[in-house]
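Asks: Below is the sequence, then the predicted model.
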Amino acid sequence: MFIAMNRFRVNKGSEQEFENVWLNRDSQLKNEKGFVEFQLLRGPEQDDVRLYVSHTVWASEEDFIAWTKGPAFAEAHRNARTRNKLYSGGPHFEGFNVLQTVTV
């Protein structure tokens, strides 16, 4: 499994607009090969921003990379630049190959 995360530093006062964009989008992830799960995480406030993370689980890193090169990725991110005013800096990507999973 592969976990893809983007960290966002959202300007205070822009949290609701940021959340609305994510919560009301027409996500097509469920149609992508290897997609397992998505979560949007709200973190703590730091100075003049609130931290958020988009957390996506994929069957493999190859499936994630294939999605990033496809038309669904381009469509999902087509308006991203219009939302720059919401952020303090751009998103920070981190990708991880899962070594161990423990469940209940």
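Replies: Nice, thanks for sending it over.

Asks: List the contacts of the worst-scoring helix or strand of the chain on mean pLDDT.
Replies: The weakest-scoring helix or strand in the chain, judged by mean pLDDT, DSSP states H and E, is helix 71-76 (a mean of 80). Outside helix 71-76, the residues within contact range by C-beta atoms under 8 Å, 6 or more residues apart in numbering are R25, S27, Q28, L29, N31, E32, W67. Every C-beta, even on glycine, is put in place using the N, C-alpha and C of the backbone.

Asks: Return the closest of the residues you listed with respect to E17.
Replies: The nearest member of the contacts of helix 71-76 to E17, counting by C-beta to C-beta, is R25 at 12.8 Å.

Asks: The closest one: neighbour count?
Replies: Neighbour count of R25, defined by other C-beta atoms under 10 Å: 10.

Asks: still on that earlier bit, just checking: what are the partner strands of the helix or strand following the least confident helix or strand of the chain?
Replies: Next helix or strand after helix 71-76 toward the C-terminus (DSSP states H and E): strand 92-97. Note on strand 92-97: by DSSP bridges, its sheet partners are strand 2-11 (antiparallel).
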